[in-house]
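**Student:** need the 3D shape of this:
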Amino acid sequence: PKGSFDTWKNAVKNLNTPGMEVHAFAMLAGFASPLVAYTDLNGFVICLSGEAGAGKTGVMFAANSAWGSPEKMYIKGNSKNTAGGGATVNALQLIMASLGSLPFTIDEVTNMPIDTVSPMVHMISSGKTKVKAQGSTNAIRTLESSSKLIAVWTSNDPLYQKLKDTKADPNGEIARLVEFNIGQPAPLQENDLFGKRTFSVMLNHYGHAGPMFIKSLFDLESKGEVFRDVNDPDQKLGPRFQKWIDRYVKDVGWDPAERFHHAAIGLCFGAGEICNEYNITDELPLEQIYTVIVERMRANKAENAKINSIDCESIIGSFILKNVQNMLTIKNKKVYEEPKGSLVVRVDNDNNTIYVPTNIFESYLKTEAKVTNINAFKKQLTVNKIEYQIKKTRMTSYWDKMPSSADWNLYCYCFKNLKVMDKLDIPNE
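**Tutor:** Now for the predicted structure:
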């Protein structure tokens, strides 16, 4: 510990100010991180995105300051201006494993490539780093310690949008990520000393509140409070945490894909209650914070995240238009247009159906469209009311130049009545 607990506590009290609710919630994630051990999850990510001057880095200082030096505990993410490219995946894996249950904070993941961010989100939620073989022997390397924690990240650009722009199926990451896109809060705009009196103070006064929080957990359990009953058939958390989850589900609605979001609500607000009860914080306004957080998470769910939603028609359309030179078009049971390259797509204007070999299309889904779950894509086709079936089809029917061959009798995706048909310029006669 360094400095004064009372000075730290007075600095944290500034987060009671209206307009700082998201910052207060992320600060509570620092206390809630050890509580992940009471759940059946291993971790999740809370990310604050937005413009400079919004206090994002300060929030990480707040989350870390309960446990130790805020500056030494946080990691600088990749930067275009950082020599060597910033933090590497292997280094991040080792740091995560060494933290155990302490918050895992990364500042500015903005420029980290998506093939770094995506596996890190999954790794945090699994609590384990990658298994690797030894280079010189036929054996697996000794595994690093596992972790159960909450990661608090910052980004200039929303991670939700970055994931959607680069992956057709970002649902796995989005389900494990709770993001808040914040502007400059009014208190930071109206008072140029607010940030210094809040976050800068924590750079020299830290490491007191975390041990106090752990002692409070032992005290509560000694008094008979249950944080989680592993024998409960429903595997719910203890009442202190479960009541917040139940309230969130009532306010926002039940979705099994949001189990990480439920944990974020239950653990952070349960931690807030404990901090208030044991005078670790000075009466954090949990009701005010909850109202703002739920409103923001509801908006994310409706507008940004769209968990388990894949734009199937757009993906199919992009595939068709990419292969327009490899298309055989049939009209009135005659060839209307031959492919200029290898046959990839058959368009039958007579029955308004597009045929694509399953092996070619699914390879495209996995490599270029970044759809990681083919079955989820098929389910979404039904949700999007796209008529399709998979059946054997002779791709070269009515194409007299091509001799009849079993080589072209292939299992195909057969899509009917797609909007992309209107873009293929097949005139009516």
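**Student:** isn't residue 29 up against residue 150?
**Tutor:** Yes: here residue 29 lies in contact with residue 150, judged by Cβ atoms under 8 Å, at a distance of 4.8 Å. Using the backbone N, CA and C atoms, a C-beta is placed for each residue, glycine as well.
**Student:** so where's the chain shaky on pLDDT?
**Tutor:** Scanning the chain for pLDDT under 70 picks out the ranges 78-86, 129-145, 168, 303-309, 403-406, 423-429.
**Student:** which residue packs closest to residue 120, ignoring adjacent ones?
**Tutor:** Excluding the flanking residues, the one nearest residue 120 by Cβ to Cβ, 6 or more residues apart in numbering is residue 92, at 6.1 Å.
**Student:** isn't there a helix covering that neighbour?
**Tutor:** Yes: assigned with DSSP: H, G, I helix; E, B strand; the rest coil, residue 92 falls within a helix.
**Student:** which residue ranges form the helices in the stretch 301-429 of the chain?
**Tutor:** Taking DSSP state H, counting those that start in this stretch, the helices of the stretch 301-429 of the chain run over residues 312-322, 358-367, 374-383.
**Student:** now do the stretch 101-250 of the chain
**Tutor:** Going by DSSP H, counting those that start in this stretch, the stretch 101-250 of the chain shows helices at 114-126, 159-166, 171-175, 186-190, 194-195, 209-222, 239-252.
**Student:** got the ones you listed as JSON lines, with mean neighbour count and distance to residue 106 columns?
**Tutor:** Shown next, in JSON lines, are the helices of the stretch 101-250 of the chain (neighbours: other Cβ atoms under 10 Å; distance: least, Cβ to Cβ, whole Å):
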{"stretch": "helix 114-126", "mean neighbour count": "19", "distance to residue 106": "8"}
{"stretch": "helix 159-166", "mean neighbour count": "18", "distance to residue 106": "11"}
{"stretch": "helix 171-175", "mean neighbour count": "23", "distance to residue 106": "15"}
{"stretch": "helix 186-190", "mean neighbour count": "15", "distance to residue 106": "22"}
{"stretch": "helix 194-195", "mean neighbour count": "20", "distance to residue 106": "20"}
{"stretch": "helix 209-222", "mean neighbour count": "15", "distance to residue 106": "19"}
{"stretch": "helix 239-252", "mean neighbour count": "17", "distance to residue 106": "26"}
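**Student:** returning to what we had before: so between residue 29 and residue 150, which is more surrounded?
**Tutor:** residue 150 (32 against 26; other Cβ atoms under 10 Å).
**Student:** who's in contact with the more buried one?
**Tutor:** 29-30, 32-33, 36, 43-46, 103-104, 264, 267 (Cβ atoms under 8 Å, 6 or more residues apart in numbering).
**Student:** ok, the nearest residue to it once chain neighbours are set aside - how many residues close by?
**Tutor:** Once flanking residues are discounted, residue 150 sits nearest to residue 33: 4.3 Å by Cβ to Cβ, 6+ apart. When neighbours are defined as other Cβ under 10 Å, residue 33 has 30 of them.
**Student:** about what we covered before: can you redo the helices of the stretch 101-250 of the chain as JSON lines with distance to residue 23?
**Tutor:** Converted to JSON lines, the helices of the stretch 101-250 of the chain look like this (distance: least, Cβ to Cβ, whole Å):
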{"stretch": "helix 114-126", "distance to residue 23": "21"}
{"stretch": "helix 159-166", "distance to residue 23": "18"}
{"stretch": "helix 171-175", "distance to residue 23": "22"}
{"stretch": "helix 186-190", "distance to residue 23": "9"}
{"stretch": "helix 194-195", "distance to residue 23": "10"}
{"stretch": "helix 209-222", "distance to residue 23": "16"}
{"stretch": "helix 239-252", "distance to residue 23": "19"}
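**Student:** residue 24 is nearest to which of these?
**Tutor:** Closest to residue 24 of those is helix 186-190 (Cβ to Cβ; 11.6 Å).
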